[in-house]
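*Asks:* model this:
(one chain, ligands or ions: 2)
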Amino acid sequence: MKKIFLDLGNQPLANNFSKKYIPPIFRLKLKFDTKSKLVMINKHMEKERMFNKSYPYRSSKSKLVRELFKELSKKIKKKLNPENILEIGCNDGSFASNFNKEKVVCVEPCSDVAKEAKKKGLRVYVNYFDDLLIKLLLKNHQKFDLIFSANTITHISDLNSVFANITQILADHGTFIIEEPSLLETIKKNSYDQFYNEHIYVFSTIALQNILKKNKLEIYDVENIKVHGGSNRYYIKKKKNKKIKISLRFKKNLNLEKRFGINTFACYKKFSKRVQKSKKELIKLLKKIKENNQKIIGYGASAKAVTILNYCNLKENYFDFFYDTTQQKIGKFLPGTRINVLKYKKLRDNKTYVFLGAWNFYKEILKKEKSFYMNSGKFITHIPYPRII
Ligand code: SAM
Ligand code: TMP
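*Replies:* Numbers count the residues shown, from 1 in each chain. Ligands and ions are numbered 1, 2, ... in the order given. Alright, predicted model coming up:
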């Protein structure tokens, strides 16, 4: 049974940056499946509406993302030494370009992003990861020793079909690595902004294992990584491959989640109450700043910021503009609002309050804006509760 636990109000498509104002188009609610323990959003948009020729997200925009991908690729070469690799949702090729181009095949449905990966010398199938593509991959390639996918699998609604397809194209000795935001971290940090139209699911280790097992796959190791506000890197194998041992880290993660109650509906009811409180407090904080006639801008026009601003109804009446480094977002409105996204400039005016839309890159931002921060410049965040830093 699927039970709703939170209503995040009317929301737009989180990456629909446009020069024209586009109002919110759907009601975003969160639900928990009592059987599989999966947490998901209630409305699934057609993939073509979200991932098409003009998709603005670029992995390479974050130093942390680039560094973690580089580090992981070194580890993969050393420990797994794969001869043929598939990446699903390669975006601009930030991960795949760390490997010998002859050994990698990529899948990326958004043609504008795929073009950037191709410029790096990568072979890219400009397709969705679906049954049709599987036939093509099986025809043109050997089964893969390594399949990698970061922040993509939770964007695809039919998980059973994804994992059944993985079983077909993964070599029997192969490893499938997924990176996705951690549900435990999301709840601990009260980061309800992890939910938007593209994040159809936020995985717990418990739920992911339940679904994988139905498709003859299983997690054998989990790494907790810092990116995107706290993610998990899951190492997955075929169930019939008994050569790889299940790690202690996997068991520890499972136990931590169980102890936290992530497999119970009560956990989500509590989370829902904390989120509603966070909304009230953030509105109060920003209202007070505006009443003192002070200026607020946003830093990082992330999909997360879109969820927060639309849920809390904090729009152009609160924010002067948002800074962002992404070319495809600049000169457009933050979805669901009339807030302009401007080309990033180093922060100088220490009287302006700066809301961290990209709070998950806080350390990276603080390094860049050291002079602003050291000069009494003030950041606002809502993580883990609304406050001025
Ligand atoms: N993997 C990169 C990373 O972690 O930085 C990009 C993540 S981005 C949030 C999600 C990527 O998945 C986008 O580039 C998108 O086009 C791609 N994607 C979405 N749906 C997909 C599907 N059905 N099949 C393959 N790729 C998909
Ligand atoms: P994400 O949380 O979905 O990765 O989005 C982060 C957004 O923040 C993305 O549009 C890039 C932007 N950004 C900046 O503008 N400056 C920065 O220093 C960082 C780290 C991100």
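*Asks:* Could I get the contacting residues of residue 2?
*Replies:* Contacts were defined as CB atoms under 8 Å, 6 or more residues apart in numbering; by that measure residue 2 touches 31, 32, 33, 34, 40. In short, each C-beta sits where N, CA and C put it, glycine included.
*Asks:* ok, the second one touching residue 269?
*Replies:* Put plainly, it is residue 32. No - distance between residue 32 and residue 269: 9.5 Å, which falls outside the contact criterion (CB atoms under 8 Å).
*Asks:* quick one, which of the two is more surrounded?
*Replies:* Taking neighbours as other CB atoms under 10 Å, residue 32 and residue 269 compare with residue 32 leading, 24 against 13.
*Asks:* interface residues of the stretch 201-350 of the chain facing ligand 2?
*Replies:* Of all the residues in the stretch 201-350 of the chain, those in contact range of ligand 2 (CB under 6 Å from any ligand atom) are 300, 301, 302, 303, 304, 323, 324, 325, 326, 329, 344.
*Asks:* The second one - how many residues pack around it?
*Replies:* The one in question is residue 301. Other residues near residue 301 number 32, with proximity taken as other CB under 10 Å.
*Asks:* same check, this time on the third one
*Replies:* Residue 302 has 27 neighbouring residues, counting by other CB under 10 Å.
*Asks:* what's the overlap in contacts for residue 32 and residue 269?
*Replies:* Common contact partners of residue 32 and residue 269 (CB under 8 Å, 6+ apart): residue 5.
*Asks:* Off-centre distance for whichever helix or strand residue 206 is part of?
*Replies:* Secondary-structure assignment from DSSP states H and E places residue 206 in helix 205-214. Offset of helix 205-214 from its chain centre (CA atoms, centre = their mean, to the nearest Å): 19 Å.
*Asks:* any idea of the mean pLDDT in the next helix or strand after that helix?
*Replies:* Following the chain from helix 205-214 toward its C-terminal end, the next helix or strand by DSSP H and E is strand 217-225. The predicted model gives strand 217-225 an average pLDDT of 98.
*Asks:* can you tell me if strand 217-225 touches ligand 1.
*Replies:* No - using CB under 6 Å from any ligand atom, strand 217-225 never reaches ligand 1; the gap is at least 11.3 Å.
*Asks:* Send over the very next helix or strand once past that strand as CSV, restricted to the C-alpha atoms.
*Replies:* Using DSSP H and E, the helix or strand that follows strand 217-225 in sequence is strand 231-238. Output of strand 231-238 as CSV, limited to C-alpha atoms (Å, rounded to 0.1, in the frame of the first residue of the first chain):
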residue,chain,number,x,y,z
SER,A,231,24.7,10.2,-1.3
ASN,A,232,25.3,6.5,-1.3
ARG,A,233,27.4,4.6,-3.8
TYR,A,234,26.0,1.1,-4.2
TYR,A,235,28.0,-1.7,-5.6
ILE,A,236,25.7,-4.3,-7.1
LYS,A,237,26.3,-7.8,-8.5
LYS,A,238,24.3,-10.7,-9.9
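*Asks:* so what secondary structure elements neighbour strand 231-238?
*Replies:* Other helices and strands packing on strand 231-238, by 3 or more CB pairs under 8 Å, 6 or more residues apart in numbering; DSSP states H and E, are strand 170-181, helix 205-214, strand 217-225.
*Asks:* Parallel or antiparallel, which strands does it pair with?
*Replies:* Strands that pair with strand 231-238, judged by DSSP bridges, come out as strand 170-181 (antiparallel), strand 217-225 (antiparallel).
*Asks:* what's in contact with it?
*Replies:* By CB under 8 Å, 6+ apart, the surrounding residues in contact with strand 231-238 are 72, 151, 167, 170, 172, 174-182, 185, 203, 205, 208, 212, 216-225, 244, 247, 253.
*Asks:* Likewise for stretch 329-348?
*Replies:* Applying CB under 8 Å, 6+ apart, the contact partners of stretch 329-348 are 10-24, 56, 298-299, 301, 305-306, 309-310, 315-316, 319, 321-325, 354, 368-369, 371-372, 377.
*Asks:* One more pass at 7 Å, please.
*Replies:* Contact partners of stretch 329-348, identified using CB atoms under 7 Å, 6 or more residues apart in numbering, comprise 11-14, 16-19, 21-24, 56, 301, 305-306, 309-310, 315-316, 319, 321-325, 354, 369, 372, 377.
*Asks:* Buried ones among these?
*Replies:* When burial is judged by neighbour count using 16 or more other CB atoms under 10 Å, the buried members of those are 11-14, 16-17, 24, 56, 301, 305-306, 309-310, 319, 321-324, 354, 369, 372, 377.
*Asks:* Now do the buried residues in stretch 245-259.
*Replies:* With burial defined by 16+ other CB under 10 Å, the residues of stretch 245-259 counted as buried are 250, 253, 254, 257.
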